[in-house]
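Asker: coordinates for the following, if possible.
(one chain, ligands or ions: 1)
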Amino acid sequence: MARAIRKRSWAEPFKIKVVEPLQLTSREERQKALAKAGYNTFLLPSRLVYIDLLTDSGTSAMSDWQWAGMMLGDEAYAGSRNFEHLQAVVRKHYGYKHVIPTHQGRGAEHLLSRSLIDPGDYVPGNMYFTTTRLHQELAGAKFVDVIIDDAHDPKSQHPFKGNIDLDKLRTLIRKVGAERIPYISVAGTVNMAGGQPISMQNLKEVRAIAQRYGIPIYLDATRLAENAYFIQQREPGHQSKSIAEIVKSLCSLSDGCTMSAKKDSLVNIGGFLATNDRKLHEEACNLVVVYEGLHTYGGLAGRDMEAMARGIVESFQDDHIRARIGQVEYLGHRLIEEKIPIVLPIGGHAIFLDAKRFYRHLPQDSFPAQTLAAELYLESGIRSMERGIASAGRNPETGEHYRPRLELTRLTIPRRVYTQAHMDVTAEAVCATYDRRREVKGLRMVYEPRYLRFFRARFKPL
Ligand SMILES: *Cc1c(COP(=O)(O)O)cnc(C)c1O
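Answerer: Numbering: from 1, shown residues only. Down below sits the predicted model:
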């Protein structure tokens with residue numbers, strides 16, 4: 001008998017207390033909805049979505065302990081108890097001195113970019129993230145990708161495809177001068193590369209270079225706990241360390257971080273900027289009152305900060321991370337067995353379908369990854385997201401499309417939300433979409449917003 005069920009060594013370390021019904025739709029309904037949404041999954045109403053794999057951002061299920069914390073919201077305008085709790089938890093787990101809450105990750109990115117960047121600066125980073133790069137550009141900097149070449153190759157099995165290429169970094173520093181580089185932007189589990197981790201060793205080497213030139217390092221800590229899991233599993237010398245210990249070591253190699261707590265930290269809204277730099281803290285406090293709210297709430301309710309503080313604690317539990325990434329790997333292995341082209345190694349928060357190999361007959365200008373997201377929805381009601389030429393946007397200097405080598409469709413797994421059966425249904429839907437691949441003709445863009453175009457762009461079938 002063929003082995004239909006893959007053995008797995010984990011189960012969810014929780015049971016379900018509250019459920020939310022899912023909606024099934026007909027193919028005709030989905031066809032109509034898709035046309036109305038301009039073939040952009042961001043423009044679909046969620047009531048017409050069956051399994052929602054658009055993003056893992058703000059879509060996690062909170063625990064009973066987090067919900068209990070919501071009732072303890074201290075909604076004082078200034079100096080809320082929940083801020084004190086959040087500050088203590090961030091100091092303990094991430095190790096930075098100063099903490100400023102923000103409404104979500106991009107709020108923190110805005111504060112950091114505006115505070116540290118002067119027009120004409122350069123910010124090197126391990127591949128761009130959409131909002132991160134845009135805030136750097138709006139502050140007047142040019143983002144320079146210094147990730148290793150393997151990261152751009154969906155077939156490379158490098159265990160740490162999030163690593164920085166030290167030669168690329170040194171070359172940039174020599175070319176533009178250290179004084180033109182306000183900070184190095186280092187992300188954990190690099191989203192756009194397919195959820196790929198950076199190694200402890202690489203960050204140590206980056207730190208050594210940065211220190212020699214007096215350049216600070218700011219982490220995008222959005223998925224740092226998930227990055228720590230890969231270090232624990234793959235990097236010699238870390239097998240017996242806990243996720244919490246590894247994260248603390250990573251942070252100790254940096255000067256601060258921006259955080260979207262909507263990911264690792266298991267909340268529906270929230271983020272923070274943390275730093276050891278007193279001057280940056282002072283400047284960010286000045287800006288936060290203009291753009292987010294007082295420096296002790298940053299656009300959040302007290303109850304949100306409490307849920308975030310508790311979510312951070314839960315996000316560092318080893319059995320949580322093992323089950324979370326275990327579920328992503330389960331889906332990935334099912335697709336590998338079916339010979340579906342995906343980015344390898346399997347990432348931390350999502351499976352990335354390689355749309356270039358999925359639709360070999362489509363040129364990048366007909367938006368293969370966007371097409372795949374639309375086709376998968378049409379097939380099954382499952383919602384995914386484009387991470388290719390539409391997400392990459394245009395070069396602000398030349399006006400040309402950025403043409404990323406990676407043209408991916410992301411199946412992002414919310415934390416603690418779906419079951420193994422949902423993963424099976426998803427794998428079957430991807431296979432059915434793959435079987436119909438030759439009938440598909442691609443899309444053209446008919447409306448293009450100025451910033452972060454992928455969110456609201458509209459398309460028509462070719
Ligand atoms: C989501 C995300 C951000 C931005 O955070 P928001 O909470 O969506 O504003 C920044 N960096 C990475 C890696 C992310 O995934």
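Asker: for the rest of this, base every contact and every neighbour count on C-alpha atoms.
Answerer: Noted.
Asker: tell me where the stretch 1-150 of the chain has helices.
Answerer: Secondary structure of the stretch 1-150 of the chain (DSSP state H, counting those that start in this stretch): helices at 27-36, 64-70, 81-93, 105-116, 130-138.
Asker: please identify which of these is closest to Val247.
Answerer: Val247 lies closest to helix 81-93 among the helices of the stretch 1-150 of the chain, at 7.5 Å (C-alpha to C-alpha).
Asker: longest helix of the chain?
Answerer: helix 318-337 (DSSP state H).
Asker: quick one: low-confidence parts of this protein?
Answerer: 1-9 (pLDDT under 70).
Asker: so what's the most centrally placed residue in it closest to, chain neighbours aside?
Answerer: Residue closest to the mean C-alpha point of the chain, counted by C-alpha atoms, centre = their mean, is Asn191 at 4.6 Å. In this structure, Asn191 finds its nearest non-sequential neighbour in Phe129, 7.2 Å apart by C-alpha to C-alpha, 6 or more residues apart in numbering.
Asker: what's the answer for Glu137, then?
Answerer: Here the residue nearest Glu137, using C-alpha to C-alpha, 6+ apart, is Phe143, at 7.1 Å.
Asker: just give the number of residues close to Pro236.
Answerer: Pro236 has 10 neighbours, counted by other C-alpha atoms under 10 Å.
Asker: on that earlier part again, so the residue nearest to the centre of the chain sits right up against Asn126, yeah?
Answerer: No: in this structure, Asn191 is not within contact of Asn126 by C-alpha atoms under 8 Å, at 10.1 Å.
Asker: find the residues that touch each one of those two.
Answerer: Residues touching both Asn191 and Asn126 (C-alpha atoms under 8 Å, 6 or more residues apart in numbering): none.
Asker: now the strands for the stretch 251-400 of the chain?
Answerer: 256-260, 271-275, 350-354, 385-387 (DSSP state E, counting those that start in this stretch).
Asker: and those: which comes nearest the ligand?
Answerer: Closest to the ligand of those is strand 256-260 (C-alpha to the nearest ligand atom; 4.1 Å).
Asker: list of residues touching the closest one?
Answerer: 96, 104-106, 108-109, 112, 217-222, 270-277.
Asker: can you flag the buried ones in the residues you listed?
Answerer: The neighbour-count test (16 or more other C-alpha atoms under 10 Å) marks 96, 104-106, 108-109, 112, 217-222, 270-276 as buried among the contacts of strand 256-260.
Asker: check the residues you listed against the ligand, which are close?
Answerer: Gln104, Gly105, Arg106, Asp220, Thr222 (C-alpha under 6 Å from any ligand atom).
Asker: wait, isn't the second one in contact with Gly270?
Answerer: If I follow you right, that is Gly105. Yes: the criterion here is C-alpha under 8 Å, and Gly105 meets it with Gly270 at 7.3 Å.
Asker: overlap in contacts of these two?
Answerer: Joint contacts of Gly105 and Gly270 (C-alpha under 8 Å, 6+ apart) are Ser260, Ala261, Lys262.
Asker: the last one: neighbour count?
Answerer: The one in question is Lys262. Counted with other C-alpha under 10 Å, Lys262 comes out at 24.
Asker: not counting sequence-adjacent ones, nearest residue to it?
Answerer: Nearest one to Lys262, counting by C-alpha to C-alpha, 6+ apart, is Gly58 at 4.3 Å.
Asker: not counting sequence-adjacent ones, nearest residue to Asp277?
Answerer: Asp255 (7.0 Å).
Asker: could you measure from the one you found over to Ala221?
Answerer: Going from Asp255 to Ala221 by C-alpha to C-alpha, to the nearest Å gives 12 Å.
Asker: before we move on, back to that, tell me, how many residues neighbour the residue nearest to Glu137?
Answerer: 19.
Asker: residues contacting it?
Answerer: Contacts of Phe143 by C-alpha under 8 Å, 6+ apart are Tyr122, Val123, Pro124, Gly125, Tyr128, Arg133, Gln136, Glu137.
Asker: also Gln317?
Answerer: Taking C-alpha under 8 Å, 6+ apart, one finds Ile243, Ala244 in contact with Gln317.
Asker: returning to that earlier point: across the sheet, point out what pairs with the residue nearest to Glu137.
Answerer: On the basis of DSSP bridges, Phe143 takes part in beta bridges with Val123.
Asker: for it, give its distance to Arg212.
Answerer: 21 Å.
Asker: contacting residues around Ser80?
Answerer: Asp74, Thr296, Tyr297, Gly302.
Asker: okay if I get those residues as JSON lines plus distance to the ligand and neighbour count?
Answerer: Below are those laid out as JSON lines (distance: C-alpha to the nearest ligand atom, whole Å; neighbours: other C-alpha atoms under 10 Å):
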{"residue": "Asp74", "distance to the ligand": "23", "neighbour count": "19"}
{"residue": "Thr296", "distance to the ligand": "18", "neighbour count": "27"}
{"residue": "Tyr297", "distance to the ligand": "16", "neighbour count": "27"}
{"residue": "Gly302", "distance to the ligand": "18", "neighbour count": "27"}
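Asker: from the residues you listed, which two are the most distant?
Answerer: Top of the distance list for the contacts of Ser80 (C-alpha to C-alpha): Asp74 and Thr296, 11.6 Å.
Asker: quick one, helices of the stretch 151-300 of the chain?
Answerer: 166-176, 200-213, 224-234, 243-252, 278-291.
Asker: tally of neighbours for the residue nearest to Lys262?
Answerer: 20.
Asker: Gly399 too?
Answerer: 9.
Asker: quick one: it and Glu375, what's the gap?
Answerer: In terms of C-alpha to C-alpha, Gly399 sits 29 Å off from Glu375.
Asker: near the ligand, which residues of the protein?
Answerer: So far as C-alpha under 6 Å from any ligand atom goes, the chain lies against the ligand at Gln104, Gly105, Arg106, Phe129, Thr131, Thr132, Asn191, Asp220, Thr222, Ser260, Lys262.
Asker: show residues contacting stretch 440-447.
Answerer: Residues contacting stretch 440-447 (C-alpha under 8 Å, 6+ apart): 362, 365-368, 370-371, 457-462.
Asker: oh, that last question was meant for stretch 280-298, not what I typed.
Answerer: 77-80, 83, 98, 100-103, 107, 111-112, 115-116, 275, 299, 305.
Asker: which of those are buried?
Answerer: For the contacts of stretch 280-298, a neighbour count by 16+ other C-alpha under 10 Å gives the buried set as 80, 83, 98, 100-103, 107, 111-112, 115-116, 275, 299, 305.
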